[in-house]
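>>> Mind folding the following:
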Amino acid sequence: MKSQSLTIKADLAELARVVQMIDAFCAVSPVNAADVSALHLALEEIVTNVITHGYGCDASRPFTVCLEMISADRIRAVVTDDAPAYDPLARPEVDTQLPLEARPVGGLGVHLVKKLMDVCQYEHRDGKNVFSIERKLSSGAGSAATMHIATSRLESSATLSLSGRLDGLSSPELEQQVGALIASGVHTLVFDLANLEYVSSAGLRVFIIAAKKLKGSGGAAQFTALTPAVREVFHVSGLLMALGVGPRG
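Below is the predicted model of the structure:
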């Protein structure tokens, strides 16, 4: 059984090391791009929860992430920490049918993990939280990229063209740009996602905030050219309808 472990500290900057570990592990394993993206997302959500909620971003406290090929077509990831006992799987199920106005801004992380993984299991063992996830794999390979934002504006409308990864590290930059555009008088904000390879719950949070603010002031957020990976995340989050994404969006 092939396995690899990584010890990280409770700092969101460590997410980059987790992504690098996944990519290196999957580069020599039968893992396709969709599987890599799902692993990126699931581990980002779990690791971010440990860092921000379990450890309160106390960078002096380490925890471990382990990847294992448990069979020729199945991969397991295990996150182990010694934060106070907490079972994220006990959270209430997310209502993905809620309209935009009734949508909470956050809370999608664990939901995405459960939808993208075949097995999710939590244990409190020997004073530690142990969160295990498994996914059945296809074949191929995948890679990650940083996010880039290109902005174009015409009077009260603007287009943000996103490329690469919209995750816990890059989403604050987008949230800042969105806030500045709305504050400057933009009423129609188009998110061009043709080159966006990946979005986590942190990115979805920015989209929901933008859509709520614009709708509240009589404007609108539009989402176009979703890649298959991004559309899948929108779909399992129930956001295709809530954010008005069309069949060709």
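
>>> List the buried residues in the longest strand seen in the chain.
Looking across the chain with DSSP state E, the single longest strand is strand 188-199. Using 16 or more other CB atoms under 10 Å as the test for burial, strand 188-199 gives Leu189, Val190, Phe191, Asp192, Leu193, Leu196, Glu197, Tyr198, Val199. To be clear about C-beta, it is placed using only N, CA and C from the backbone, and glycine gets the same treatment.

>>> OK, contacts around the residue nearest to the spatial centre of the chain?
By CA atoms, centre = their mean, the chain has its centre lying nearest to Ser200, at 1.5 Å. Contact analysis of Ser200 by CB atoms under 8 Å, 6 or more residues apart in numbering lists His40, Leu41, Glu44, Glu45, Gly109, Leu112, Leu166, Asp167, Gly168, Ser171, Val233.

>>> Turn the residues you listed into CSV, columns for neighbour count.
Putting the contacts of Ser200 into CSV (neighbours: other CB atoms under 10 Å) gives the following:
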residue, neighbour count
His40, 25
Leu41, 26
Glu44, 26
Glu45, 23
Gly109, 24
Leu112, 23
Leu166, 27
Asp167, 25
Gly168, 22
Ser171, 21
Val233, 25
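
>>> Of the residues you listed, which belong to strands?
Leu166.

>>> Which of the contacts of Ser200 sits closest to Asn129?
Glu45 (14.4 Å; CB to CB).

>>> gap between the spatially most distant residue from the centre of the chain and His187?
What lies farthest from the middle of the chain is Glu155; by CA atoms, centre = their mean that is 32.1 Å. Plainly put, Glu155 is 9 Å away from His187 if you go by CB to CB, to the nearest Å.

>>> Could you list every helix and strand in contact with the lowest-mean-pLDDT helix or strand in the chain?
Taking mean pLDDT, DSSP states H and E as the measure, the chain has strand 148-154 as its least confident helix or strand, at a mean of 72. Using 3 or more CB pairs under 8 Å, 6 or more residues apart in numbering; DSSP states H and E as the contact criterion, the elements in contact with strand 148-154 are strand 157-166, helix 171-183.
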